[in-house]
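Engineer: Compute the structure for the input listed below.
(2 chains)
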Amino acid sequence: ETGVTQSPTHLIKTRGQQVTLRCSSQSGHNTVSWYQQALGQGPQFIFQYYREEENGRGNFPPRFSGLQFPNYSSELNVNALELDDSALYLCASSFGGTNYEQYFGPGTRLTVT
Amino acid sequence: GESVGLHLPTLSVQEGDNSIINCAYSNSASDYFIWYKQESGKGPQFIIDIRSNMDKRQGQRVTVLLNKTVKHLSLQIAATQPGDSAVYFCAENIQGAQKLVFGQGTRLTINP
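Structural biologist: Take a look at the predicted model:
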């Protein structure tokens, strides 16, 4: 088990709604990355936060946004939910704005109906 | 485009045998690679990593081999056990980009 925690574990939302997912990084880690994993696929990079700023972004629209707090925890916000947003959302932590030894949390399963 | 692919989507091995899971990557700028194990309903679990200045690294029952000439990565699991059943992903870190790129995964199943 890693020290990365995520909440909630499961969530059901309706199309058009907004959702906030939360992540606490492993002790000693100051970098948080978010990934979306569709069923049967590998994780897709959404963005990374380091020093409370976005440190890189994948091919996701602006309705996917995030925050990092002084204690290195992070939030992922998704506005105007679409059915295709249904997926496992994974948070991973690492150190120094890098991806070295990146450890994942258990994920949040989001279902959009 | 950027991609990390796998030669086989599924692999079935006998308990006690060695398993070899392969991965091809396309970006010569990749400087770091990680193998993850993902069990059903869980997040990916870090298994072993390797930097591009190495060609082999060993852990407990696992070995990762890197062949930069042909852009190939493999994970060897010795004496495969039922608990090794999972989907295995390789991921590459593209130097200068702040992301890991994952393949689609290989499902490893263990026959008793």
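
Engineer: show me the residues around residue A:43 that make contact.
Structural biologist: A:35-37, A:90, B:44, B:89, B:100, B:102 (CB atoms under 8 Å, 6 or more residues apart in numbering or on different chains). Backbone N, C-alpha and C define where each C-beta goes, glycine included.

Engineer: same thing but 6 Å
Structural biologist: Residues in contact with residue A:43 (CB atoms under 6 Å, 6 or more residues apart in numbering or on different chains) are A:35, A:37, A:90, B:102.

Engineer: which one of these sits closest to residue B:27?
Structural biologist: residue B:102 (13.0 Å; CB to CB).

Engineer: which of the contacts of residue A:43 sit farthest apart?
Structural biologist: A:90 and B:102 (10.3 Å).

Engineer: Who has more neighbours out of those two?
Structural biologist: Set residue A:90 next to residue B:102 and count neighbours by other CB atoms under 10 Å in any protein chain shown: residue A:90 wins out with 26 against 22.

Engineer: so who does the closest residue to chain A within chain B touch?
Structural biologist: Here chain B gets closest to chain A at one residue, residue B:98, 2.5 Å apart by CB to the nearest CB. Contacts for residue B:98 (CB under 6 Å, 6+ apart) come out as A:48, A:55-56.

Engineer: Make sure I have this right: it is in a helix.
Structural biologist: No: read with DSSP: H, G, I helix; E, B strand; the rest coil, residue B:98 is coil and lies in no helix.

Engineer: With adjacent residues omitted, what lies nearest to it?
Structural biologist: residue A:56 (2.5 Å; CB to CB, 6 or more residues apart in numbering or on different chains).

Engineer: Tell me which helix or strand the one you found sits in.
Structural biologist: strand A:53-57 (DSSP states H and E).

Engineer: Quick one: residues in contact with that strand.
Structural biologist: Residues from elsewhere that reach strand A:53-57, judged by CB under 6 Å, 6+ apart: A:47-48, A:97, B:98-99.

Engineer: Of those - the most surrounded one?
Structural biologist: So for the contacts of strand A:53-57 (other CB under 10 Å), the most neighbours sit at residue A:48, 29 neighbours.

Engineer: Thanks again, I'm all set now.
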